[in-house]
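In: Take a look and give me a structure for this.
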Amino acid sequence: MSINVPTKFTKDEFSKLTNKKLNKDELQQHKRLFLDNYKKPKGTTEYTLKDDVSPEVLKKLDFVLKRVDDKHFDSLKEIAEYFRMLLDEKKYIVLFAYNGTGKTRLSVEFKSLGQQLNEETGVKTADTLYYNAFTEDLFHWDNDLENDTERRLMLNSNSRFFAGLQELEMESRISPLLQRYANFDFSINYENYAISFYRTDVNNGETEPVTNIKISRGEENIFIWCFFLAIVQLVVDKVEVYKWVKYIYVDDPISSLDDNNVIAVASHLAQMMSGNDIKVIVSSHHALFFNVLCNEINKTEQLFLQKRSADNTYILKDTTKTPFFHHVALLKELKRASDTGELYTYHFNILRNILEKTASFHGYSHFSSCIRKGEDDDNPVYTRIVNLLSHGNYSLFDPKEMVDENKDHFRTILRNFLEDYNFNKKLFEDNQD
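Out: Numbers count the residues shown, from 1 in each chain. Presented below is the predicted three-dimensional model:
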């Protein structure tokens, strides 16, 4: 972790730091750190860092300075190291960042920092239970290509994610969670580490089971999420086989959910996080999911992660006192995509989400109220375009580029919106921190 601790402060700078920024309840414990390690010789106007400050103290000073201001980092690994220090003081971190920033890579860096290899036994230990794109890779389909009848979701039996699978009766733990979100059921073959799915159909008033079904990608994501939640509950309950877990890291669990399920998942996760001593990080590109978590979890660290394209460095901003700051981040992403021409169908989903929230804030019942009505009365046309292109099943992980005509419509709607609501143009400059 690179350390950037000033060797000198002016008298006014030091007073502002110690008497204002560090006077907040959760930061007062760090005030003595600066008073003990900076001195102001008589007759001078500057506070100077002492010569004999240890590397450990320098690291702590750097950490505190990042806590009180916008935080600049050279790499995702540095952010992961910062998070581990932050979780010595906080229980929860909720992170917002749009896609492509590096959220999943950040979760991997965090996990890797907690891994240690015992050279004598060859056993690797860990301290983080994580959910991200790699978690889904622990599950893969055997579609029975020869007979096309026994379709099974296979588990990676070598992963400690599935430790004690049969002894812990995972079926009974997963099923109540799954019923919150889905209308199918499952059974586990513990010997083969295979899961079969089925559902019950009603025909002419009679129920009949439909076995060996292939569930959709969205249903599969829901199932894996519920599997993960069942393990989280085992961690919370301090079951022996999961006592190694010190941190839980959740990265974007809601890629295939509609807004109703997004709210349900966020609320359920918030309930599970509260009232236990496990440290938790949740990161997401989804504004609604982020907002619900921030509203329902007390005293969480609320952060916005931004990547600076000019030098490939990173900035973390505290959004606790700037509600809905993440919507500005989304607008910046839409403006960037509009300017570069890298426009994909899912950008209409994001634009509609912002239009809806803006309309609600201004007391309108429909997002079309925030689409400019010009001399040619394009509003009905643009409203239909936003309606049509924001209702497709567009995945952020399998993007489809817009056709040129739709790109032009998108640019017009976005440009008018930014002008009509008088956003600060400096927000959209490339070098803006």
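In: Only C-alpha atoms from now on, for both contacts and neighbour counts.
Out: OK.
In: mind giving me the domain ranges of the chain?
Out: Using automatic domain parsing, the domain parsing of the chain gives 8-69, 128-245, 325-428.
In: what about the first one, distance to the chain center?
Out: The reference is to domain 8-69. Offset of domain 8-69 from its chain centre (CA atoms, centre = their mean, to the nearest Å): 32 Å.
In: just stretch 175-187 next, same as before
Out: Taking mean C-alpha positions (CA atoms, centre = their mean), stretch 175-187 and its chain are 24 Å apart.
In: just to revisit the earlier point, what about the domains of the chain, which gets the closest to T300?
Out: domain 8-69 (11.9 Å; CA to CA).
In: helices or strands up against the helix or strand hosting F186?
Out: Here F186 sits within strand 185-189, counting by DSSP states H and E. For strand 185-189, the packing partners by 3 or more CA pairs under 8 Å, 6 or more residues apart in numbering; DSSP states H and E come out as helix 170-178, strand 194-203.
In: ranking the ones you listed by burial, who's on top?
Out: Most buried of the helices and strands packed on strand 185-189, by mean neighbour count (mean count of other CA atoms under 10 Å): helix 170-178, with a mean of 17.
In: and the domains of the chain as TSV, adding mean pLDDT and distance to R84?
Out: Output for the domains of the chain, formatted as TSV (pLDDT from 0 to 100; distance: least, CA to CA, whole Å):
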stretch	mean pLDDT	distance to R84
domain 8-69	92	11
domain 128-245	87	11
domain 325-428	77	23
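In: and of those domains, who's closest to L269?
Out: Using CA to CA, these put domain 128-245 closest to L269, at 8.2 Å.
In: So which elements touch the top helix by length along the chain?
Out: If you go by DSSP state H, the chain has its longest helix at helix 217-236. Applying 3+ CA pairs under 8 Å, 6+ apart, we find helix 217-236 packed against helix 170-178.
In: how far is the helix it packs on from where the chain is centred?
Out: 25 Å.
In: outside of stretch 290-306, which residues touch it?
Out: Contacts to stretch 290-306, defined as CA atoms under 8 Å, 6 or more residues apart in numbering, come from residues 90-97, 101, 263, 266-267, 270, 274, 283-284, 314-320, 324, 326.
In: and the residue nearest to K246 when sequence neighbours are not counted, how many neighbours?
Out: Closest residue to K246 apart from its sequence neighbours, by CA to CA, 6 or more residues apart in numbering: D127 at 5.2 Å. The tally of other residues near D127 (other CA atoms under 10 Å) stands at 19.
In: what's near enough to touch D127?
Out: 111, 114-115, 244-247.
In: switch the cut-off to 10 Å
Out: 110-116, 242-248 (CA atoms under 10 Å, 6 or more residues apart in numbering).
In: quick one on the thing from earlier: could you dump the domains of the chain into TSV with distance to L106 added?
Out: Listed next are the domains of the chain as TSV, based on distance: least, CA to CA, whole Å:
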stretch	distance to L106
domain 8-69	18
domain 128-245	10
domain 325-428	17
